[in-house]
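>>> Dropping a prediction and its sequence here:
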Protein chains: 2
Amino acid sequence: MPLQGQALVSGTVEIPPRSGAAFVLETGQTLIVTDPGGQQVADLLAYAKDDVREVVSNGRTFDYEETIALTTGNTLWSNRSNRMLTIVEDSVGRHDFLLTPCSEATFKHFYPTKPVHRGCFGNLAAALEPFGVEPDAIPTAFNVFMNVPVDGASGRLRVDPPTSKPGDHLALRAEMDLVIGLTACSAYDSNGGSFGPIEYRIEG
Amino acid sequence: MPLQGQALVSGTVEIPPRSGAAFVLETGQTLIVTDPGGQQVADLLAYAKDDVREVVSNGRTFDYEETIALTTGNTLWSNRSNRMLTIVEDSVGRHDFLLTPCSEATFKHFYPTKPVHRGCFGNLAAALEPFGVEPDAIPTAFNVFMNVPVDGASGRLRVDPPTSKPGDHLALRAEMDLVIGLTACSAYDSNGGSFGPIEYRIEG
């Protein structure tokens, strides 16, 4: 499967099931991430194009946005407290920024009887390597369409199937020049037990 | 104020208000973090001593522990999916792993009328620099005694005063050789509006 996705008509790119891509998104451009079949998660990372040591940060985002539930109008912030991406459209309203990309280690931990997969972590590491991003520089991703309810009283969380339906999408506007990493997630529980593609296109 | 804290009797070290320290914690040793005056947060970071690119990760920890409310029996995991620290005693039961260390940028954002302080971020960066940790390699810290209730339904969070009382403590056992960064937090809201010291000692 190609790492960088396959070009479809009208500028749409497909990321095949259980794979990943990386690409540049310039300031002011909008990235539209679509779940063509429904119930499919896409892990998203963002790095400053000019210096990939600047990276999206769940902690800075939770701090400035004062919520863990990010949707239209919210901004994803960097570790240097700069605005990276603003969510401008969201047909789902349910995403996760708590959990790290699935990896060989998480497959062994959560699915000990299933084949080990390199997961979103391995897919992101491979796709981002040409941009100078080392595997250790992969933080908690913004997990588009991932459904992780948190019980406020106990703190317990669980991974439920995404609520995204076929054609649902999330659109994010770049607030700086970025390198984006994006996957069609590889973990069973995150995607309701099956694996679909993710599509994206860039406007502007 | 000394960056590395001041030695007290019986091996206890004081981190003065609004400052930070860094030190080595060997495998099997226990770090006891005490709030001598009550209502004082301590931001804690952990790096693998042998390779500081391995660092504590809130996302890996939330994933493996299946909760955002970490207390006795829970483990803090690294970005490489290794166990770093296990909480072995907790007289408070209320800590935060969602929010990033306060910094010059967060002071400007949240306290625009107050003097800017380098915050826990600046204190951690200064204390960790001799160990080869760059500022960009400071992730979301484990914020000992920090009280951040999350509304499960809306996702909204807020920063309340710590519930820690004078003498309350948290004890963590090292599962690998670590470099620890630790602060007496500098942000108004996190500490109920005033600033106290933090004490720590190492056993074993």
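Perfect, thanks for sending it. Numbering: from 1, shown residues only, chains lettered A, B, ... in the order given.

>>> Show the pLDDT at the closest residue to residue A:120 other than its chain neighbours.
Sequence neighbours aside, residue A:101 is the residue nearest to residue A:120 in space, at 3.7 Å (criterion: CB to CB, 6 or more residues apart in numbering or on different chains). (Each C-beta comes from the backbone N, C-alpha and C, glycine too.) For residue A:101, the model assigns a pLDDT of 96.

>>> Tell me which helix or strand the residue sitting furthest away from the middle of chain A sits in.
For chain A, the largest distance from the centre (CA atoms, centre = their mean) belongs to residue A:153, which lies 27.3 Å off. Under DSSP states H and E, no helix or strand contains residue A:153.

>>> list the contacts for it?
The contact partners of residue A:153, by CB atoms under 8 Å, 6 or more residues apart in numbering or on different chains, come to residue B:152.

>>> now do residue A:171
By CB under 8 Å, 6+ apart, residue A:171 lies in contact with A:30-33, A:87-90.

>>> buried residues in stretch A:145-159?
A:145-148, A:150, A:152, A:155, A:157, A:159 (16 or more other CB atoms under 10 Å in any protein chain shown).

>>> hang on, the earlier thing: does the residue nearest to residue A:120 touch residue A:127 like I think?
No: with contact defined as CB atoms under 8 Å, residue A:101 does not count as touching residue A:127 (11.5 Å).

>>> Would you mind telling me which of those two has more residues around it?
Of the pair residue A:101 and residue A:127, residue A:101 is the one with more neighbours under other CB atoms under 10 Å in any protein chain shown, namely 28 against 25.

>>> low-confidence ranges in chain A?
For chain A, the stretches flagged by pLDDT under 70 are A:1-9.

>>> quick one, helices of it?
Secondary structure of chain A by DSSP state H: the helices cover A:58-65, A:104-110, A:119-128.

>>> Endpoints of stretch A:97-117, how far apart?
Start and end residues of stretch A:97-117 are separated by 22 Å (CA to CA, to the nearest Å).

>>> in that stretch, what's buried?
A:97-103, A:105-107, A:110, A:117.

>>> quick check, nearest of these to residue B:41?
Nearest to residue B:41 among the buried residues of stretch A:97-117 is residue A:98, at 20.6 Å by CB to CB.

>>> list the contacts for the closest one?
For residue A:98, the contact set (CB under 8 Å, 6+ apart) comprises A:58, A:68, A:140, A:148, A:150, A:157, B:58-59, B:62, B:68.

>>> Now that we have these, which of them are buried?
Among these, those classed as buried by 16+ other CB under 10 Å are A:58, A:68, A:140, A:148, A:150, A:157, B:58-59, B:62, B:68.

>>> from the residues you listed, which is closest to residue B:123?
Distance to residue B:123, by CB to CB, is smallest for residue B:58 among the buried ones among the contacts of residue A:98, at 19.4 Å.

>>> was I right about that closest one contacting residue A:59?
Yes: assessed by CB under 8 Å, residue B:58 is found in contact with residue A:59 at 6.9 Å.

>>> roughly how far apart are residue A:202 and chain B?
Distance of residue A:202 to chain B, computed by CB to the nearest CB, to the nearest Å: 27 Å.

>>> make that residue A:47, sorry
Per CB to the nearest CB, residue A:47 is found 11 Å from chain B.

>>> Report the beta-bridge partner residues of that residue.
Judged by DSSP bridges, the bridge partners of residue A:47 are residue A:55, residue A:179.

>>> Let me know whether it touches residue A:134 as I believe.
No: using CB under 8 Å, residue A:47 makes no contact with residue A:134, being 11.2 Å away.

>>> Settle it for me: which of those two has more neighbours?
Higher neighbour count among residue A:47 and residue A:134: residue A:47, with 26 against 11, using other CB under 10 Å.

>>> ok so, going back, widest-spaced pair of the buried ones among the contacts of residue A:98?
Greatest spacing in the buried ones among the contacts of residue A:98, by CB to CB: A:140 and A:150 (14.4 Å).

>>> burial of residue A:130, as a residue count?
Residue A:130 has 11 neighbouring residues, counting by other CB under 10 Å.

>>> Pull the contacting residues for it.
Residue A:130 touches residue A:22, counting by CB under 8 Å, 6+ apart.

>>> And the buried ones among the contacts of residue A:171, selectable in PyMOL?
This is the PyMOL syntax for the buried subset of the contacts of residue A:171, where burial follows 16+ other CB under 10 Å:
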select buried, chain A and resi 30+31+32+33+87+90
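
>>> Nearest residue to residue A:73 in space, please, no chain neighbours.
Nearest non-adjacent residue to residue A:73 (CB to CB, 6+ apart): residue A:87, at 6.7 Å.

>>> dump the residue contacts of that neighbour.
A:70-76, A:170-172.

>>> From those residues, pick the one nearest chain B.
Comparing the contacts of residue A:87 against chain B with CB to the nearest CB places residue A:70 closest, at 7.9 Å.

>>> Could you verify my assumption that the closest one touches residue A:96?
No: Residue A:70 sits out of contact with residue A:96 when judged by CB under 8 Å, with a separation of 9.1 Å.

>>> Can you pull the residues that touch both of these two?
With CB under 8 Å, 6+ apart, residue A:70 and residue A:96 have common neighbours residue A:142.

>>> For chain A, just list every one of the strands.
In chain A, the strands defined using DSSP state E lie at A:6-7, A:13-15, A:20-25, A:30-35, A:42-48, A:51-55, A:75-77, A:83-90, A:142-144, A:168-174, A:178-183, A:198-203.
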